[in-house]
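Enquirer: One predicted model, sequence on top.
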Amino acid sequence: MKFVQIIDFETERLDEMEQLLEDARQRLADQEGGPTHRILLKDRDTPGRYLSLIEFESYEEAMRNSERPETTKMAEQLGALCTREPRFINCDLLDARDLK
């Protein structure tokens, strides 16, 4: 079953966060496992608040990814750019479809 982790975070340094994520994506592009899809949302009602939806093939793949030293380092770097501690929400993906 596919798995999605939602990360609820606040930052004033989104450009720096995006650069860290892009650098990591390029470094890990040839590795098996890891995230398969990402959606980034900006909260229109709360300035500086974002939600990142990260999709994995399974919960187990997500946990293996979380245990990688490079993932831990990146999470620490991203956390340092946040104005509050990120909140993580773990979800099983029951349905996803295009509506048009």
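Expert: Okay, I see it.

Enquirer: and for the helix or strand of the chain with the lowest mean pLDDT, what are the contacting residues?
Expert: Within the chain, no helix or strand scores below helix 14-28, which has a mean of 87 by mean pLDDT, DSSP states H and E. Here helix 14-28 makes contact (CB atoms under 8 Å, 6 or more residues apart in numbering) with 11, 34, 50, 70, 74, 77-78, 81. All C-beta atoms are positioned from the backbone trio N, CA, C, and that covers glycine.

Enquirer: Just the ones in strands from the residues you listed, please.
Expert: residue 50 (DSSP state E).

Enquirer: got the contacts of helix 14-28 as a markdown table, with neighbour count and pLDDT columns?
Expert: What follows is these, written out as a markdown table (neighbours: other CB atoms under 10 Å; pLDDT from 0 to 100):
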| residue | neighbour count | pLDDT |
| --- | --- | --- |
| 11 | 19 | 97 |
| 34 | 18 | 86 |
| 50 | 18 | 96 |
| 70 | 12 | 87 |
| 74 | 17 | 89 |
| 77 | 15 | 93 |
| 78 | 20 | 93 |
| 81 | 15 | 96 |
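
Enquirer: and which of the contacts of helix 14-28 is nearest to residue 3?
Expert: For the contacts of helix 14-28, the minimum distance to residue 3 (CB to CB) is 12.1 Å, reached by residue 34.

Enquirer: With adjacent residues omitted, what lies nearest to the closest one?
Expert: Spatial nearest neighbour of residue 34, excluding adjacent residues (CB to CB, 6 or more residues apart in numbering): residue 65 at 5.0 Å.

Enquirer: Contacts for the helix or strand where the one you found lies next, please.
Expert: Element membership for residue 65, per DSSP states H and E: helix 59-67. Outside helix 59-67, the residues within contact range by CB under 8 Å, 6+ apart are 1, 3, 5, 33-35, 54, 56, 71-72, 90, 92.
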